[in-house]
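[1] sequence? don't have it. structure:
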């Protein structure tokens with residue numbers, strides 16, 4: 001019976017043959033493994049990046065990596081990125097280190113691969129260049145085959161914007177930590193617990209509290225406790241809303257010129273109202289447990305309250321086909337602070353009357 005080790009080596013031969021064939025056509029450098037791989041070792045964590053960064057051609061890669069035959073050898077393919085000794089200076093590594101993942105990356109039981117092995121300055125650039133060559137579907141197929149053979153205990157995807165959504169549909173994701181962005185997303189890929197964090201090269205946008213909670217949750221995930229984690233909203237570093245009682249928010253509106261910051265109040269068991277003071281300022285209505293509802297559940301709940309929201313001139317807002325706000329309106333529609341206050345009272349009374 002063929003062993004897992006042998007199956008992984010067979011996969012590597014097939015994948016490398018394909019990448020070597022297509023690299024001259026798309027004229028992009030490639031590498032699947034970010035660090036050296038040993039197929040005989042069990043993989044506890046598989047870290048997945050979307051694709052290598054950079055604009056180098058395949059020809060320049062052949063020259064710089066030291067293979068002149070225009071064909072990457074197997075020992076180079078499985079040896080990972082030859083510049084990995086510079087890793088400590090990379091933004092992506094510094095971001096991983098800030099949430100305690102540097103030791104995971106360096107461990108023998110962690111593999112670090114690219115979903116698509118061909119490099120580009122960003123993922124969209126690769127997709128644009130690939131239109132005339134058509135490598136994307138086969139690269140995705142090869143990635144899935146690798147995961148199915150490898151069977152890592154946990155998958156960690158780098159990217160909650162352009163990362164996890166390419167691998168797992170948003171309808172099958174659960175947000176574990178949210179704030180200014182999705183800080184930790186949970187899903188399942190080929191039966192394997194899969195998580196995603198924002199791309200670490202942009203960690204300058206993570207507040208100190210976000211880093212602390214992410215580090216704690218990731219430590220528990222690596223310890224096999226992912227199923228016990230509960231949803232958390234980051235509420236400091238001015239990252240998201242403060243939750244206030246209905247009476248507090250109405251008093252604040254009457255007292256101040258307009259709300260300063262971002263606040264949230266529960267309208268009923270289904271809905272919450274977000275009040276955001278930006279350059280315009282707006283009210284927004286969405287599900288009270290927005291992060292835990294898929295798009296189908298949001299659409300169904302929206303229909304329940306559609307007539308009330310239309311009556312109050314709260315217009316739905318969608319982005320990328322997803323329903324972000326059930327209804328939204330700007331402060332500019334109100335003549336005075338008393339009008340704002342009456343609007344909130346009216347909204348709360350009307351939605352509370354719907355069963």
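    Nice, thanks for sending it over. Bear in mind that the values here come from a model prediction, so they are computed numbers and not experimental data.

[2] residue 175 sits in which helix or strand?
    strand 174-178 (DSSP states H and E).

[3] strands paired with the helix or strand following that strand, and their directions?
    Next along the chain after strand 174-178, taking DSSP H and E as the criterion, comes strand 182-189. Using DSSP bridges, the strands paired with strand 182-189 are strand 174-178 (antiparallel), strand 192-197 (antiparallel).

[4] could you pull out the buried residues of the shortest one?
    Pointing back at strand 174-178 there. By neighbour count on 16 or more other Cβ atoms under 10 Å, the buried set for strand 174-178 is 175-178. Bear in mind the C-beta positions are built from the backbone N, C-alpha and C, glycine included.

[5] re earlier: let's have the strands paired with strand 182-189 in TSV, adding mean pLDDT and distance to residue 318.
    Putting these into TSV (pLDDT from 0 to 100; distance: least, Cβ to Cβ, whole Å) gives the following:
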stretch	mean pLDDT	distance to residue 318
strand 174-178	83	18
strand 192-197	94	23
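
[6] and the closest residue to residue 197 other than its chain neighbours, how many neighbours does it have?
    Nearest non-adjacent residue to residue 197, counting by Cβ to Cβ, 6 or more residues apart in numbering: residue 184, 6.0 Å away. When counting by other Cβ atoms under 10 Å, one arrives at 24 neighbours for residue 184.

[7] do the one 10 residues further on as well
    When neighbours are counted by other Cβ under 10 Å, residue 194 registers 25.

[8] mind checking pLDDT for residue 68?
    Residue 68 is assigned a pLDDT of 75 by the prediction.

[9] follow-up on the earlier one: most widely separated two among the buried residues of strand 174-178?
    Taking Cβ to Cβ as the measure, the buried residues of strand 174-178 reach their widest spread between 176 and 178, a distance of 8.1 Å.

[10] overlap in contacts, the two.
    231-232 (Cβ atoms under 8 Å, 6 or more residues apart in numbering).

[11] where exactly do the helices run in the stretch 101-250 of the chain?
    Under the criterion DSSP state H, counting those that start in this stretch, the stretch 101-250 of the chain contains helices at 102-106, 123-130, 136-150, 164-167, 208-222, 246-255.

[12] the helices in the stretch 251-355 of the chain, which residues?
    295-311, 337-352.

[13] make JSON lines out of these and add mean pLDDT.
    Shown next, in JSON lines, are the helices of the stretch 251-355 of the chain (pLDDT from 0 to 100):
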{"stretch": "helix 295-311", "mean pLDDT": "89"}
{"stretch": "helix 337-352", "mean pLDDT": "82"}
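
[14] format the ones you listed as CSV; extra columns: distance to residue 32 and mean neighbour count.
    Output for the helices of the stretch 251-355 of the chain, formatted as CSV (distance: least, Cβ to Cβ, whole Å; neighbours: other Cβ atoms under 10 Å):
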stretch, distance to residue 32, mean neighbour count
helix 295-311, 33, 15
helix 337-352, 52, 16
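
[15] tell me which residues of stretch 113-133 come out buried.
    Neighbour count says stretch 113-133 has 113-120, 123, 126, 130 buried, by 16+ other Cβ under 10 Å.

[16] how much space between residue 173 and residue 85?
    When distance is defined by Cβ to Cβ, to the nearest Å, residue 173 is 35 Å away from residue 85.

[17] which of these two has more neighbours?
    The residue with more neighbours, out of residue 173 and residue 85, is residue 173; 21 against 8, by other Cβ under 10 Å.

[18] my guess is the more buried one contacts residue 184. True?
    No. In this structure, residue 173 is not within contact of residue 184 by Cβ atoms under 8 Å, at 10.6 Å.
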